[in-house]
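> The amino acid sequence is not available; the structure is as follows:
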């Protein structure tokens, strides 16, 4: 009888539970060592177990949660068969799924952004943002390999970041104001892309007439 491969990370389940517990405490304790300890106590973990699971402290918890949210966003989009939608609707769906299902509680997210905005965390903040928008484009079916690969991600980073900040302060029913804001932002991006295409067409035609 074939032997199954051992779990590469036997602590993955417990680590996920602890990360969720720390996120629940973050609204009160912030993303701090005290919050990590409180998350461990909530799960009744032995002393020192929380530090063993996340030796990098609360910043490592944030990184873990962000990566997991990216993965779950991709999985949700694949389950919902976004391939049949227009690219505009795929991206809108990706942002909405990320915020509605996987961003976490608003106060915990607000405190996370405050921590990531500190000068010594700027590099990590940009890295996490890049990974998030890259995952969204991947799930949307983007296959670009030229310069558009980077411009698309930079554009979506702006859309996602501004929508996230709007969502944090949105008290409308079902966050409908946020989704309307997201629609407007994507409309703006599509107008810019249309203008760029027209300029490329015009400059290409102009170059051709000079030959």
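Structure received. Only a predicted model underlies this, so the values are computations on that prediction, with no experimental measurement involved.
> measure stretch 27-40 end to end?
Using CA to CA, to the nearest Å, one end of stretch 27-40 lies 15 Å from the other.
> Can you give the contact residues for that stretch?
Contact with stretch 27-40 is made by 18-19, 21-26, 49-51, 54, 57-59, 61-62, 105, 107-108, 111-112, 115, as judged by CB atoms under 8 Å, 6 or more residues apart in numbering. Using the backbone N, CA and C atoms, a C-beta is placed for each residue, glycine as well.
> quick one: average pLDDT of that stretch?
Mean pLDDT, stretch 27-40: 95.
> Which residue lies nearest the spatial centre of this structure?
Of all residues in the chain, the one closest to the mean position by CA atoms, centre = their mean is residue 132, 3.8 Å from it.
> mind listing what it touches?
For residue 132, the contact set (CB under 8 Å, 6+ apart) comprises 66, 69-70, 98, 160.
> so which of the residues you listed is the most crowded?
Scoring the contacts of residue 132 on neighbours with other CB atoms under 10 Å, the highest-scoring entry is residue 98 at 25 neighbours.
> Quick check on that residue: phi, psi?
Dihedral angles of residue 98 (phi, psi; degrees, to the nearest 10) stand at phi -60, psi -40.
> Residue 158 versus that one, what's the distance?
Distance, residue 98 to residue 158, using CB to CB, to the nearest Å: 15 Å.
> of the contacts of stretch 27-40, buried ones?
Applying 16 or more other CB atoms under 10 Å to the contacts of stretch 27-40, the neighbour count classes 18-19, 21-26, 50, 54, 57-59, 61-62, 108, 111-112, 115 as buried.
> Which members of the residues you listed are positioned in helices?
Secondary structure defined by DSSP state H assigns 18-19, 21-26, 50, 58-59, 61-62, 108, 111-112, 115 of these to helices.
> give me the low-pLDDT residue ranges for the protein?
Residue ranges of the chain with pLDDT under 70: 1-7, 192-211.
> and with 90 instead?
Applying pLDDT under 90 to the chain flags residues 1-10, 80-88, 138, 140-152, 187-211.
> so what's the backbone phi/psi at residue 45?
phi -80, psi 150.
> what about the helices in the chain?
Using DSSP H, the helices of the chain run over 12-29, 33-42, 49-53, 58-79, 87-102, 106-116, 122-140, 148-168, 176-210.
> about what we covered before: looking at the contacts of residue 132, which one is closest to residue 128?
Among these, residue 66 lies closest to residue 128 (CB to CB), at 4.8 Å.
> check contacts around the closest one.
Going by CB under 8 Å, 6+ apart, the list of residues near residue 66 reads 128, 131-132.
> count of residues packed around residue 152?
21.
> Quick check: it vs residue 71, distance?
For residue 152, the distance to residue 71 (CB to CB) stands at 20 Å.
> So this protein: which segments form each domain?
12-55, 66-206 (automatic domain parsing).
> Identify the residues contacting residue 177.
166, 170.
> Same question for residue 87.
The neighbourhood of residue 87, defined by CB under 8 Å, 6+ apart, consists of 140-141.
> Could you do residue 90 as well?
Per CB under 8 Å, 6+ apart, neighbours of residue 90: 77, 82-83, 139-141.
> PyMOL command for the buried members of those residues?
Command for PyMOL, covering only those of the contacts of residue 90 found buried under the criterion 16+ other CB under 10 Å:
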select buried, resi 77+82+139+140
